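S.K.: Here's my sequence, what's the structure:
(one chain, ligands or ions: 2)
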Amino acid sequence: MIPAIHLRDARIGYGDTAVVQGVDLTVRSGEAVAVLGSNGSGKTTLARGLLGLAAVLGGEVEVLGAPVGRLRERGRVGYVPQRHTVSGAVPATVREVVGVGRLARLGSFRRLRPADRAAVADAVAAVGLADRLCDPVASLSGGQQRRVLVARALAAEPELLVMDEPTAGVDAASQDALAAVLADVSATGTTLLVITHETGPLAGVLTRAVVVDHGRIGYDGPLAGAGAGAGGHHHPEDTGEPPRGGYRIDQPRVTTDGGR
Ligand SMILES: Nc1ncnc2c1ncn2[C@@H]1O[C@H](COP(=O)(O)OP(=O)(O)OP(=O)(O)O)[C@@H](O)[C@H]1O
Ligand SMILES: [Mg+2]
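M.R.: Ligands and ions are numbered 1, 2, ... in the order given. Below is the predicted model:
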């Protein structure tokens, strides 16, 4: 089977400066992968490279079997960017912004049919914003706007879903709801690549971890082992259950649980 993501000795960056280099990474179709690492390590750059938003400076970067930028149908890859500006020039409603995600799947010159409208409503409901469907996005809080962007990506029903810190600034109840949604999406075979600092809420969904360290991959293995792999972080109260509080797995030197 064609891997969802395939990088070989990849160099990705901006202009002619590589931020990410020497990266070998293969994600099989249907895998659910966490991308961890400290601030500035290159996680977003790696994700943007997969989307054609950062420059591939060398090596191979293939997404869904095609070199980056050559994939014909945009809707096959969903992306939730880290920065959450839902472009504010036009006063768009939640329904309209999420509808744009659905249109990406349909291609140009198509209109939303009843089934598409249902998919949009389902995606909005999945992120817990059903009652805000007709509200202007600008009237939503920051965390709610993040959830709109998640819904926009979900509405396209992509084969590969790349999410850059989807739970940042999102409250605990909504993080749990998002985890449930991602579990469903994963169960249907969608490949997940989720950049996060807090694996707690998503630990049941994401099984493999890739830790980015200074632009290189420092660990690639089971999510459960990522803490140890990145420097030996261990909770004495470890029960084998995923830690619900979401400790910062990328900062193993922090030995006290920050209570998050
Ligand atoms: N558009 C850009 N142009 C030039 N350099 C950039 C650009 N975006 C990021 N960088 C640089 O690339 C490096 C990695 O940034 P990146 O955003 O990939 O890190 P990150 O791992 O996602 O960090 P965080 O956890 O803070 O989101 C940083 O040194 C940053 O300054
Ligand atoms: Mg980032």
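S.K.: what ranges do the helices span in the stretch 101-250 of the chain?
M.R.: For the stretch 101-250 of the chain, applying DSSP state H, counting those that start in this stretch gives helices covering 114-126, 142-155, 172-187, 226-229.
S.K.: which of the ones you listed sits most buried?
M.R.: Among the helices of the stretch 101-250 of the chain, helix 142-155 has the highest mean neighbour count (mean count of other Cβ atoms under 10 Å), at a mean of 24. Heads up, the C-betas are built off the backbone N, CA and C, glycines and all.
S.K.: If you count contacts, what does that one end up packed against?
M.R.: strand 77-80, helix 94-106, helix 114-126, strand 160-164, helix 172-187 (3 or more Cβ pairs under 8 Å, 6 or more residues apart in numbering; DSSP states H and E).
S.K.: picking that back up, list just the one of the helices of the stretch 101-250 of the chain that sits closest to ligand 1.
M.R.: Ligand 1 sits nearest to helix 142-155 of all the helices of the stretch 101-250 of the chain, at 14.0 Å, using Cβ to the nearest ligand atom.
S.K.: Can you tell me how far the residue nearest to the spatial centre of the chain is from Leu50?
M.R.: For the chain, the residue nearest the mean C-alpha position is Met163 (1.3 Å; Cα atoms, centre = their mean). Distance of Met163 to Leu50, given as Cβ to Cβ, to the nearest Å: 12 Å.
S.K.: what residues do the two have in common as contacts?
M.R.: Counting by Cβ atoms under 8 Å, 6 or more residues apart in numbering, the residues touching both Met163 and Leu50 are Leu193.
S.K.: For ligand 2, see how far away the residue nearest to the centre of the chain is.
M.R.: Taking Cβ to the ion, to the nearest Å as the measure, Met163 falls 11 Å from ligand 2.
S.K.: can you pull the contacts of the nearest residue to that residue once chain neighbours are set aside?
M.R.: Closest residue to Met163 apart from its sequence neighbours, by Cβ to Cβ, 6 or more residues apart in numbering: Val80 at 4.2 Å. Residues near Val80 by Cβ under 8 Å, 6+ apart: 146, 149-150, 152-153, 161-164, 166.
S.K.: go with 10 Å
M.R.: 47, 146-154, 161-166, 194-195 (Cβ atoms under 10 Å, 6 or more residues apart in numbering).
S.K.: Over in the stretch 51-200 of the chain, which residue gets nearest ligand 2? Let me know.
M.R.: Gln82 (4.7 Å; Cβ to the ion).
S.K.: same thing with the chain?
M.R.: Closest point on the chain to ligand 2, by Cβ to the ion, is Thr44, at 3.1 Å.
S.K.: Tell me if I'm right that Val194 and Glu165 touch.
M.R.: Yes: Val194 is in contact with Glu165 according to Cβ atoms under 10 Å; the separation is 8.5 Å.
S.K.: May I ask you to confirm that Pro3 is in contact with Val33?
M.R.: No: with contact defined as Cβ under 10 Å, Pro3 and Val33 do not form a contacting pair (11.6 Å).
S.K.: Sounds good, over and out.
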